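> build me a structure from this.
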Amino acid sequence: MSGSSRVEACADSLERLELNPGSEVNSICHLLRPVSIERTGVPDLSLAPLKTLRSLKINAKVLMFKLNNNRFSDPLPWIVSLLSTLPDDNSLSELELRFTSQLNQQILERVSWFNLSSTLLSRKFRSLKHVTFTFPPSAKGHIIDDRPLWVKDTLNQNKHLSPLISRGLLHFDI
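Predicted structure coming up:
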């Protein structure tokens, strides 16, 4: 049974959903050149039948390329595409985006939050009450002492996220 078939089978009653799409859905972003984003993944899952969905958690991976650190893999285009499949009359009130990240501050500053912010501020998401961005410690088992500070500062200073922050909608768990 495919992911879409499972979603359709419980569409009338599903209130909480957690997705682990892996890095296969990510797009490739270039830091130094104005190159269009290389899309590698598109949602093969539609949230359209989920009118009763109240809580959605997406566990995403943001990765730097080891051989070419001027590129990174970005799950945001896929996340925005997936969110756009929700019905206009959806009941989503909580969204958590958990980013397993190997990014440094320079790359995090270049991540474009514009489309995600615009999507979450649209009429479709008028029921949304709480958005959390979670950045757990590095999977390598070591914590960079100042990482929580610069991640939070970088996100708080982002002009595209500021409308979500000022409305009290966006919170960080770092």
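
> where does the protein have low pLDDT?
1-5, 30-43, 65-70, 138-145 (pLDDT under 70).

> going by length in residues, pull out the top strand of it.
strand 55-64 (DSSP state E).

> for the chain, what's the longest helix?
Secondary structure assigned by DSSP state H gives helix 147-156 as the longest helix of the chain.

> that one: how far from the chain's middle?
Distance, stretch centre to chain centre, for helix 147-156: 16 Å (Cα atoms, centre = their mean, to the nearest Å).

> now for Leu128, how many residues are close by?
Residues lying near Leu128 (other Cβ atoms under 10 Å) number 20. Bear in mind the C-beta positions are built from the backbone N, C-alpha and C, glycine included.

> pull up the distance across stretch 84-93, start to finish.
Its start and end residues considered, stretch 84-93 measures 15 Å (Cα to Cα, to the nearest Å).

> contact partners of it?
Contacting residues not belonging to stretch 84-93 are listed as 43, 45-56, 119, 123-125, 127-130 [Cβ atoms under 8 Å, 6 or more residues apart in numbering].

> and that stretch, what's buried?
By 16 or more other Cβ atoms under 10 Å, the buried positions in stretch 84-93 come out as Leu86, Asn90, Leu92.

> for stretch 23-32, same thing?
Buried-residue list, stretch 23-32, by 16+ other Cβ under 10 Å: Val25, Asn26, Ser27, Cys29.

> now stretch 97-117
Judged by neighbour count using 16+ other Cβ under 10 Å, the buried positions of stretch 97-117 are 97-101, 103, 107-108, 111, 113, 115-117.

> if you look at these, which of them are in helices?
Ile107, Leu108, Asn115, Leu116, Ser117.

> with respect to Val151, which of those residues is nearest?
Using Cβ to Cβ, Leu108 comes nearest to Val151 of those, at 6.6 Å.

> you'd agree the closest one is up against Val151?
Yes. Assessed by Cβ atoms under 8 Å, Leu108 is found in contact with Val151 at 6.6 Å.

> just to revisit the earlier point, the longest helix of the chain packs against which elements?
Here helix 147-156 touches helix 105-110, strand 170-173, going by 3 or more Cβ pairs under 8 Å, 6 or more residues apart in numbering; DSSP states H and E.

> ok, Leu103 - contacts?
Applying Cβ under 8 Å, 6+ apart, we find Leu103 in contact with Val62, Met64, Phe72, Val111.

> pretty sure the third one is in a strand, no?
Yes. In this structure, Phe72 lies within a strand as judged by DSSP: H, G, I helix; E, B strand; the rest coil.
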